[in-house]
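Undergrad: Need coordinates for the below:
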Amino acid sequence: MATSYCSITVHIIFGTKDRFRYLTDDVFSYIHGIIHQLDGIPISINGTDDHIHILCNLPKSMTVPEFVRVIKANSSKWFKDKNANMAWQTGYAAFSVSKTNIPAIQKYIMAQKEHHHRVTFAEEMQKYMVEEGGSSVWNEWFG
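TA: Numbers count the residues shown, from 1 in each chain. Got it, this is the predicted structure:
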């Protein structure tokens, strides 16, 4: 094979440092551009004022930690250029998504604002992490 092919879809979630509430839709649009520039394929990006959900195909040349680090670094620089004192939390969550589940996750991400009228970010992450066996990580994020 002359070239490599990679199709890895991930659902990435991370929040703002100290859950400070300053994310707006323009941040989600900017991150869409970052992912595109990295040769990833953004599928859905949305969230609330204190956290973001990203559904995308990873670029074939990057690991998940590299990918998230670049997204966070570039978007933080963008905030600073706008004179906003913003920082992301240290960690993140990343879940693999099968092709058959992409539409459901996409729908879930696009409904984040409505979803969080009923469920807090902490409750949401506890559900994800406990189901995946990561309850000790949840304690580090929210405990």
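Undergrad: same for the lengthiest helix in the chain, what does it pack against?
TA: Using DSSP state H to define each element, the chain has its longest helix at helix 64-81. If you count contacts as 3 or more CB pairs under 8 Å, 6 or more residues apart in numbering; DSSP states H and E, helix 64-81 packs onto strand 9-15, helix 25-37. Using the backbone N, CA and C atoms, a C-beta is placed for each residue, glycine as well.
Undergrad: With R69 as the reference, measure out to the nearest residue to I13 once chain neighbours are set aside.
TA: The spatially closest residue to I13, leaving aside those adjacent along the chain, is A93, at 4.6 Å (CB to CB, 6 or more residues apart in numbering). From A93 over to R69 the distance is 15 Å, taken as CB to CB, to the nearest Å.
Undergrad: G91: neighbour count?
TA: Using other CB atoms under 10 Å, G91 has 12 other residues around it.
Undergrad: R69 too?
TA: For R69, the count of nearby residues is 13 (other CB under 10 Å).
Undergrad: Against S76, how distant is it?
TA: In terms of CB to CB, R69 sits 11 Å off from S76.
Undergrad: before we move on, the earlier item: next SSE downstream of the longest helix of the chain?
TA: The helix or strand immediately downstream of helix 64-81 is strand 93-96, counting by DSSP states H and E.
Undergrad: Quick one: mean pLDDT over that next one.
TA: Computed over strand 93-96, the mean pLDDT rounds to 90.
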